[in-house]
Structure formats: structure tokens, C-alpha cells
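Visitor: Just a sequence and a predicted model for now, questions to come.
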Protein chains: 2
Amino acid sequence: MALPNGPVTASSEAEAVLFDLVDVYDRAYEAAAAELSLSSAQACVLGRLDERRGMGALAEELGCDASNITQIVARLEALGLVTREPNPRDRRARLVARTPRGDEINHRFATAFTFARAAIGRLSPDEQDQLTALLRKALG
Amino acid sequence: MALPNGPVTASSEAEAVLFDLVDVYDRAYEAAAAELSLSSAQACVLGRLDERRGMGALAEELGCDASNITQIVARLEALGLVTREPNPRDRRARLVARTPRGDEINHRFATAFTFARAAIGRLSPDEQDQLTALLRKALG
DNA sequence: ATGTTTACTTGATTGAATCAAGGATCATTG
DNA sequence: CAATGATCCTTGATTCAATCAAGTAAACAT
């Protein structure tokens, strides 16, 4: 379990609740991944493969080094959740795709990670809209 | 930079914004720590030492193994940001405290991590209260 | 054809995290 | 008070994430 990112000293109640939210969210994500014997990083990559794509595209989207993706995908491949096919259009590149088992595990992960759905679900539709608007504004 | 914890496929707009918020938050936290050549974990531990406390208390609060804290505190100590004094009341235990330099770095970190403050600051006081109430309800 | 960029891999290193095991001290209790 | 057990922390081993530097191979450009 990763250490929480805050709370440092919150200068307002809103900030404190925000700290809390992020902490609970991150822990829930990691716990859901752990249920399927995945790390957060593995669950993350697996979740981005609804369509097959190249290593570079993954690295860019996830904001990390390509060699990091190589590593994570290699582990997913070893677990039989992903394949690395050669790209017929460019033999330097490789296309990563989920296997059927990868699809299943990914689906089970999405089911296991209930936190966000549950949190939103505690709000009425009106409140959900309010929250969306407030967070958008807060994000700038 | 840690990989983002989501977005998996969001089933509502509110969920998607939530994903975004957590992602941006986490990245901002790590970036602020990196400005001071700290890892997230180091910044986190350093931030919890407004009062000196034992290793075990830190581990429990942060929800991790004691040996993880040993490691992180050892690095903070090597950086001169923290001391491990013997506890006069219990010679098994050690009290961790920030050094003056640790105080300064921690303060600079709190200053560098502007994200939460800034986000909240984009909202009017009324909106801040609404957000607090909504997030509390969502957290259950 | 040559040189450059692109896509990815490899190897090395650092740090976080967890687990198993151990030493030292405290606390209990027979 | 001595033996037992619990508590606090450390050590060692292992796994994974992340980054960097360097390398290979293929595409591209002139």
C-alpha cells in the first residue's frame, strides 16, 4: 500500500476532505487491484487496452518512460493477460492487446473497484451535477 | 511519476471528473516533493512529524509495515531532515523528530504543494462549503 | 546510400513495500 | 524474582515501479 499523499496540515475544511477523498480513492484502487493479484500499475495499463496500441502510446498517455511500460507489459504478458504482437505496418513497433483472460481480469477489476461508483451513487442526480461543476471549476 | 489510478472507463461524468482530480492531485504532490528532491513517501513522513513520535505510531497512521518506516526514516535521517532519539521511557522505542532543516524543507514542501489550496481557492466560500458537504456525503 | 529519427529493449540503479526472522526491552504472572 | 510472552524496532531478502543511459533495428529523409 502506497503511503498517502497528505494530509499535510489542511488550511481549510474543504482541503481536508479533498485529502481524504484522494487517500481513500487511491487505497481503494490498490485494494481492488490486489484482489486480482495485480499492482496498481498493472491494473492501470490493463485498463487502457480496450483497443490494442503501441508501447509508446501507452507511455505517453501515462506520462512515464517507455522502458517502464516495457517492464509492466512484460509482467502482464507473463501472466497471460496481454500479448505483444508485431505491428505489420512498422516492424519496430509492437501492438499490445489484452487476451481473453486479460479482458476477464480487467472486467473483474472494474467490478472490484467500486469506490468511485459508490461515492457518486450516494449523491442524487442533482448533487452529482453540482459536484461535477464544482470540481471542474476547482480544477481550473 | 507513479502511473495514474484510473481513469478506467467512467460510467458518469462525475466519476470522470473524480478520476481527473485524483490524478492531478497525486501528480502535483509528487512534483512538489520532487522539487525538494524528496519522494512522495518521504514528504509524507516528514509532514507527519509536527510532533516527535515513535516508528510504530507512524506505521499505524500510514497503514504500512514498520519496516517500511524504518527504511524511509533512515533515508530522511541520512538527509539530515530527521533524528531518531532514544525514548527515555522505553528503550525499545525511538522517537523521530524533524531537525531544523527538516522543518524548513517541510515548510517549503507545504508551500510548493499548491494544488489543493489553489483548487479550493477557485471556489467562492459558498461553493467551498457545498463541495465539502458533497464530498462528505459521497465518502459516506 | 547516408544519416537521422523513431520504437522499443536492456541493464543498472534507486526507492517503496512486504514478509520472515531476530534482538532487545518491557510487562505479566506464577 | 525468574520465566514467559508481548511489543518495538531492525535486518535481510525479495518483488515491483521508476528513471536513466545505452543499444538495436527499422523507418524516414535527403
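Guide: Nice, I can see it. In this text, all values refer to a predicted model and were calculated from it rather than measured experimentally.

Visitor: near DNA strand D, anything from the helix or strand harbouring residue A:58?
Guide: Assigned by DSSP states H and E, residue A:58 belongs to helix A:55-62. No - applying CB under 7 Å from any atom of the strand, one finds helix A:55-62 separated from DNA strand D by no less than 7.7 Å. (Each C-beta comes from the backbone N, C-alpha and C, glycine too.)

Visitor: Show me what counts as buried in that helix.
Guide: For helix A:55-62, a neighbour-count test (16 or more other CB atoms under 10 Å in any protein chain shown) marks A:55, A:57-59, A:62 as buried.

Visitor: wait, which of those residues is closest to chain B?
Guide: Distance ranking of the buried residues of helix A:55-62 against chain B, using CB to the nearest CB, places residue A:62 first at 5.2 Å.

Visitor: ok now do the most centrally placed residue in chain A, which residues does it touch?
Guide: Nearest to the geometric centre of chain A sits residue A:44, at 3.6 Å (CA atoms, centre = their mean). Going by CB atoms under 8 Å, 6 or more residues apart in numbering or on different chains, residue A:44 touches A:62, B:3-6.

Visitor: What helix or strand is it located in?
Guide: If you go by DSSP H and E, residue A:44 is part of helix A:40-47.

Visitor: Give the helix, strand or coil label for residue A:138.
Guide: helix (DSSP: H, G, I helix; E, B strand; the rest coil).

Visitor: That one - how many residues pack around it?
Guide: The local packing of residue A:138 (other CB atoms under 10 Å in any protein chain shown) involves 22 other residues.

Visitor: just residue A:78 next, same as before
Guide: The burial count for residue A:78: 9, using other CB under 10 Å.

Visitor: distance of it from residue B:76?
Guide: Applying CB to CB, to the nearest Å, the value for residue A:78 to residue B:76 is 35 Å.

Visitor: closest point of chain A to DNA strand C, which residue?
Guide: Residue nearest to DNA strand C within chain A (CB to the nearest atom of the strand): residue A:56, separated by 2.6 Å.

Visitor: Please tell me how far the residue nearest to that residue when sequence neighbours are not counted sits from residue A:110.
Guide: Spatial nearest neighbour of residue A:56, excluding adjacent residues (CB to CB, 6 or more residues apart in numbering or on different chains): residue A:66 at 6.0 Å. Using CB to CB, one gets 26 Å for the distance from residue A:66 to residue A:110.

Visitor: More neighbours: which of those two?
Guide: With neighbours defined as other CB under 10 Å, residue A:66 and residue A:110 compare such that residue A:110 has more, 18 against 13.
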